[in-house]
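Asker: sequence plus predicted model, see below.
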Amino acid sequence: MVRWGIALLFIALAPSKAWGAGDGKGFVGIEGGFAAPTNTSTVFTFGVQGMYRNSPRMGLGAFLITYAEGLRTSTNAGQATVDSSTILWGGEIDYFGFDSLLGFRGGLRLGFMSANTSISASNSTDSVQITDSRSPLFLMPVLAYDYKINRFSLGAEASYFLGFGSGSPSGFLFVITPKFWF
């Protein structure tokens, strides 16, 4: 088992001289789309990412994705507010070796999730505020497609993030990703 792990690591990290025409060794890009966390509504998400392909089939990268949502209500008796924000950040490894499906890649992201929630309620005499902050690990499989146009590409990514720990959010992400290849 250890031999297979060492062999896979060597293949992933070994530099390659066999790049295809027009292939860049890496990219930087932005992400914008929708997150559908479990037990909440669909929200807009935004992020950045970067990747370096150290072989024709493997790449290592980093990313940051954020989304937030809020709910406010007021009545004659008082008002209530619920705000939630989540930041996902970490590293990823991608596989670009789908020979018959050019432009597709599959990957796995691993990182930290900063999930913050604030609940407040008040009326004319009393006020209550509750806050919760968590930073658990998460795992996210990713399937992506990039349509290259010279040194740029327009792509889409679908993924599912799974937070580890009690009460950690999980959910689907679908984003559009314009990228610059270098």
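Answerer: All right, it came through fine.

Asker: would you mind measuring from the residue nearest to the spatial centre of the chain to N123?
Answerer: Geometric centre of the chain, nearest residue: I65, 5.1 Å, by C-alpha atoms, centre = their mean. Here I65 is placed at a distance of 37 Å from N123 (C-beta to C-beta, to the nearest Å). C-beta: built from backbone N, CA, C; applies to glycine.

Asker: before we move on, what about I30?
Answerer: 43 Å.

Asker: the lengthiest strand in the chain pairs with which strands?
Answerer: With secondary structure taken from DSSP state E, the chain has its longest strand at strand 104-122. Using DSSP bridges, strand 104-122 pairs in its sheet with strand 79-95 (antiparallel), strand 127-134 (antiparallel), strand 137-149 (antiparallel).

Asker: residues touching stretch 170-182, excluding its own?
Answerer: The contact list for stretch 170-182, computed with C-beta atoms under 8 Å, 6 or more residues apart in numbering, reads 23-38, 40, 45, 47, 49, 65, 138, 140, 144, 146, 148, 151-163.

Asker: please name the nearest non-neighbouring residue to R151.
Answerer: W181 (5.1 Å; C-beta to C-beta, 6 or more residues apart in numbering).

Asker: the residue of the chain most remote from its centre in helix, strand or coil?
Answerer: Outermost residue of the chain with respect to the C-alpha centroid, by C-alpha atoms, centre = their mean, is T125; its distance is 42.8 Å. For T125, the assignment made with DSSP: H, G, I helix; E, B strand; the rest coil gives coil.

Asker: next one: R72
Answerer: strand.

Asker: show the contacting residues for it.
Answerer: Q79, A80, T81, V82.

Asker: E69 too?
Answerer: T40, S41, V43, D83, S84, S85.

Asker: how about a cut-off of 7 Å?
Answerer: T40, S41, V43, S84 (C-beta atoms under 7 Å, 6 or more residues apart in numbering).
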